[in-house]
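Asks: predicted structure and sequence below. I'll ask about it afterward.
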Amino acid sequence: MGFWMADALAQEGGGGAAAPGAGAGLDFLIMIIIFFALLYFMIIRPQSKRAKEHKKLVESLSKGDEVVTNGGVLGKVTNVGDTFIRMEVSEGVEIVAQKQSVASVMPKGTMKNA
């Protein structure tokens with residue numbers, strides 16, 4: 001009930017009281033700043049961090065690495081070009097994929113266990 005009393009007293013405009021809504025603009029501005037700070041720390045910053053890690057992974061690909069693509073294909077890198085890699089997915093079977101499609105580098109010997 002006390003919160004209604006505060007509204008009623010504010011509407012009376014008693015002696016020396018500020019005009020109604022005078023601080024509302026500042027409150028809104030602070031709320032927007034806090035919202036964008038949360039947006040930055042919860043969405044933008046982690047996404048840019050993941051993008052940097054993926055770029056580093058793609059640049060470090062070398063012959064002999066066992067990788068998994070975004071499509072789920074497991075293979076051993078046999079040739080690394082500027083934008084494409086050649087992977088051996090089975091004995092005598094090679095495919096060509098974009099370097100950007102590599103999701104992760106697996107530990108050596110993963111293909112033998114699969």
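Replies: Everything's here; your move.

Asks: okay, domains of the protein per the record?
Replies: When the chain is parsed with automatic domain parsing, its domains come out as 23-60, 62-113.

Asks: winner for burial among these?
Replies: domain 62-113 (a mean of 14; mean count of other C-beta atoms under 10 Å). (Each C-beta comes from the backbone N, C-alpha and C, glycine too.)

Asks: now find how far off-centre that domain is within its chain.
Replies: Between the mean C-alpha point of domain 62-113 and the mean C-alpha point of its chain there is a distance of 24 Å (C-alpha atoms, centre = their mean, to the nearest Å).

Asks: can you give me the end-to-end distance of that domain?
Replies: Across domain 62-113, the terminal residues are separated by 21 Å (C-alpha to C-alpha, to the nearest Å).

Asks: average pLDDT for it?
Replies: When pLDDT is averaged over domain 62-113, the result is 94.

Asks: and the residue positioned nearest the centre of the chain, which helix or strand is it part of?
Replies: Within the chain, one residue has its C-alpha closest to the average C-alpha position: by C-alpha atoms, centre = their mean, that is residue 47, at 2.1 Å. When secondary structure is defined using DSSP states H and E, the element that contains residue 47 is helix 45-59.

Asks: what's the first helix or strand after that helix?
Replies: As assigned by DSSP H and E, the chain's next helix or strand after helix 45-59 is strand 66-69.

Asks: quick one: contacts of that following strand?
Replies: Applying C-beta atoms under 8 Å, 6 or more residues apart in numbering, the set of residues contacting strand 66-69 from outside is 61, 74-77, 85, 87, 97, 101-111.

Asks: let's see 6 Å
Replies: 74, 76, 97, 101-106, 110-111 (C-beta atoms under 6 Å, 6 or more residues apart in numbering).

Asks: make a markdown table out of the residues you listed and add secondary structure.
Replies: Formatted as a markdown table, these follow (DSSP: H, G, I helix; E, B strand; the rest coil):
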| residue | secondary structure |
| --- | --- |
| 74 | strand |
| 76 | strand |
| 97 | strand |
| 101 | helix |
| 102 | strand |
| 103 | strand |
| 104 | strand |
| 105 | strand |
| 106 | strand |
| 110 | helix |
| 111 | helix |
